[in-house]
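Visitor: Sequence unavailable; structure follows:
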């Protein structure tokens, strides 16, 4: 796939393991939100994944401010399960930053990686 994903937010190591399990070929960069925005803007990363308790707070809020709301999506909110159709739509709409709940990492990441691969 030749893709680089910056990983921020909470449970970064768990997120990285989920990405590698979904596709071992994807290069991951564990970083913080501020550096992730720089990596995205410079082309050193293609996508950003972040997790927090709500899915829309510290998972993605700084990226919304630095990269732009139109490029960001919360793909799984607290109390919800990931919706494959909504994730595919976000990817196809050109979103590059994705937030999710910590509790949904293992369910959401495979769907998201599959959507990115089939874009």
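Guide: Looks like it came in fine. Quantities reported herein were computed from a predicted structural model and do not represent experimental measurements.
Visitor: Check this structure and tell me which residue is nearest its centre.
Guide: residue 49 (2.2 Å; Cα atoms, centre = their mean).
Visitor: Is it in a helix, a strand, or coil?
Guide: At residue 49 the chain is in strand, as set by DSSP: H, G, I helix; E, B strand; the rest coil.
Visitor: unless I'm mixing things up, it is touching residue 98, no?
Guide: Yes: between residue 49 and residue 98 there is a contact at 5.3 Å, judged by Cβ atoms under 8 Å. Quick note: C-beta positions are derived from backbone N, CA and C, even for glycine.
Visitor: Need the overlap of contacts for the two.
Guide: Residues touching both residue 49 and residue 98 (Cβ atoms under 8 Å, 6 or more residues apart in numbering): residue 112.
Visitor: Can you spell out which helices and strands pack onto the top helix by length along the chain?
Guide: Using DSSP state H, we find that the single longest helix of the chain is helix 105-117. Under the contact criterion of 3 or more Cβ pairs under 8 Å, 6 or more residues apart in numbering; DSSP states H and E, helix 105-117 touches helix 12-22, strand 47-52, strand 72-76, helix 84-92, strand 97-101.
Visitor: quick one: residue 71 and residue 60, what's the gap?
Guide: From residue 71 over to residue 60 the distance is 10 Å, taken as Cβ to Cβ, to the nearest Å.
Visitor: what residues are shared contacts of these two?
Guide: By Cβ under 8 Å, 6+ apart, the residues touching both residue 71 and residue 60 are residue 97.
Visitor: Who has more neighbours out of these two?
Guide: residue 60 (29 against 16; other Cβ atoms under 10 Å).
Visitor: circling back: save the helices and strands packed on helix 105-117 as TSV, and put in distance to residue 66 too.
Guide: Output for the helices and strands packed on helix 105-117, formatted as TSV (distance: least, Cβ to Cβ, whole Å):
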stretch	distance to residue 66
helix 12-22	18
strand 47-52	10
strand 72-76	10
helix 84-92	18
strand 97-101	9
